[in-house]
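Enquirer: following is a predicted model, sequence given first.
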Protein chains: 2
Amino acid sequence: MKLSKAEEQLMEHLWRLQKAFMKGILDCYAEPKPATTTIATMLKRMADKGFVSYKLYGNSREYYPLIAKAEYFSSHVNGLIKSFFNNSASQFASFFTRETNLTATELEDLKKIIEQEIDKKKK
Amino acid sequence: MKLSKAEEQLMEHLWRLQKAFMKGILDCYAEPKPATTTIATMLKRMADKGFVSYKLYGNSREYYPLIAKAEYFSSHVNGLIKSFFNNSASQFASFFTRETNLTATELEDLKKIIEQEIDKKKK
DNA sequence: ATTATTGCTCTACATTTGTAGAATAAAATA
DNA sequence: TATTTTATTCTACAAATGTAGAGCAATAAT
């Protein structure tokens, strides 16, 4: 199952807040804010899909994500890799490196990260 | 405008084939193949969205993509980066490097690519 | 020439998504 | 306590998507 665009956006807010009541979620949206019912509908659908859950406090709910951003995101990227790059992560990576405009500093940082990863593998 | 999942898949075929008639496209699909009309509908919608066009040969059409895979893909990734990483490509890159399972060799390759990119920037 | 095949457009229909009003219940506030 | 605010569920509806049948016209095969 997957989240739709609007649901992903809501999920973003939840990841940031960690947990939140309806009010807190609504506050995340800029004007013109969606109707409360719109958010409620999405939350319900997302709960059905198994992406969020909530704790009851009196009559209202404190919502929280059931999936970590990293987890969701990595399956997302893997989907991308699979569909566009023939399942080759390295192909994806090299494409990515060329096509996104990383600054020199960012590239240096990335290089360091990669070196660390290489070290990890060696052990 | 964006392509839907099924349309993306069709697009994949077109990118691979470069250009193709209905028959050739259908051949790309595994059993159970979608109905010809299903493909036709998608092609029409994709043409409307401006992603494919065609040359007429007699009564039938040779379809071809109007957008390069790289182009489509990079806007795709940029969307991802924007929505999930606060528009920080480097954040995305480091996440990517950690979370996808690149082999040691792939990491080495990637490192080389990055070094090249760094060199390029220096000039 | 007659028939079968292909590929296209139109139409159709179920599902998913974006969005929200109406009704209702609980909680906060006057 | 009476009133207002807040959160929820139900219902609704338009747009997008996945999928394909019916009908047709052009082409290929017999």
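Expert: Right, received. Where do you want to start? Nothing here was measured: the structure is a model prediction, and the numbers come from that model.
Enquirer: does the helix ranked longest in chain A reach chain B?
Expert: Identified as the longest helix of chain A according to DSSP state H is helix A:104-122. Yes. Helix A:104-122 lies within reach of chain B by C-beta under 8 Å from any C-beta of the partner chain, at A:104, A:106-111, A:113-115, A:117-118, A:121-122. C-beta coordinates here come from the backbone N, C-alpha and C atoms, glycine included.
Enquirer: could I get that helix in PDB with only the CA atoms?
Expert: The C-alpha trace of helix A:104-122 is given here as PDB (Å, rounded to 0.1, in the frame of the first residue of the first chain):
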ATOM      1  CA  ALA A 104      31.700  21.300  -4.000                       C
ATOM      2  CA  THR A 105      31.300  21.200  -0.200                       C
ATOM      3  CA  GLU A 106      28.400  18.800  -0.400                       C
ATOM      4  CA  LEU A 107      30.300  16.600  -2.700                       C
ATOM      5  CA  GLU A 108      33.200  16.500  -0.300                       C
ATOM      6  CA  ASP A 109      30.900  15.600   2.500                       C
ATOM      7  CA  LEU A 110      29.300  12.900   0.400                       C
ATOM      8  CA  LYS A 111      32.700  11.600  -0.400                       C
ATOM      9  CA  LYS A 112      33.500  11.300   3.300                       C
ATOM     10  CA  ILE A 113      30.300   9.500   4.000                       C
ATOM     11  CA  ILE A 114      31.100   7.100   1.200                       C
ATOM     12  CA  GLU A 115      34.500   6.500   2.600                       C
ATOM     13  CA  GLN A 116      33.100   5.700   5.900                       C
ATOM     14  CA  GLU A 117      30.700   3.200   4.300                       C
ATOM     15  CA  ILE A 118      33.500   1.600   2.500                       C
ATOM     16  CA  ASP A 119      35.400   1.200   5.800                       C
ATOM     17  CA  LYS A 120      32.300  -0.300   7.400                       C
ATOM     18  CA  LYS A 121      32.100  -2.900   4.600                       C
ATOM     19  CA  LYS A 122      35.700  -3.800   5.000                       C
END
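Enquirer: next, count neighbours for the nearest residue to A:Ile114 once chain neighbours are set aside.
Expert: Excluding its sequence neighbours, the residue lying closest to A:Ile114 (C-beta to C-beta, 6 or more residues apart in numbering or on different chains) is B:Lys111, at 4.9 Å. Counted by other C-beta atoms under 10 Å in any protein chain shown, the residues lying close to B:Lys111 total 17.
Enquirer: roughly how far apart are B:Lys111 and DNA strand C?
Expert: Distance, B:Lys111 to DNA strand C, using C-beta to the nearest atom of the strand, to the nearest Å: 38 Å.
Enquirer: look up how far A:Gln9 lies from A:Ala30.
Expert: Separation of A:Ala30 from A:Gln9 (C-beta to C-beta, to the nearest Å): 11 Å.
Enquirer: neighbour-wise, which of the two wins?
Expert: More crowded of A:Ala30 and A:Gln9, by other C-beta under 10 Å: A:Gln9, with 14 against 5.
Enquirer: is it true that the more buried one touches B:Ser83?
Expert: Yes. Contact between A:Gln9 and B:Ser83 holds when scored by C-beta atoms under 8 Å: they sit 7.3 Å apart.
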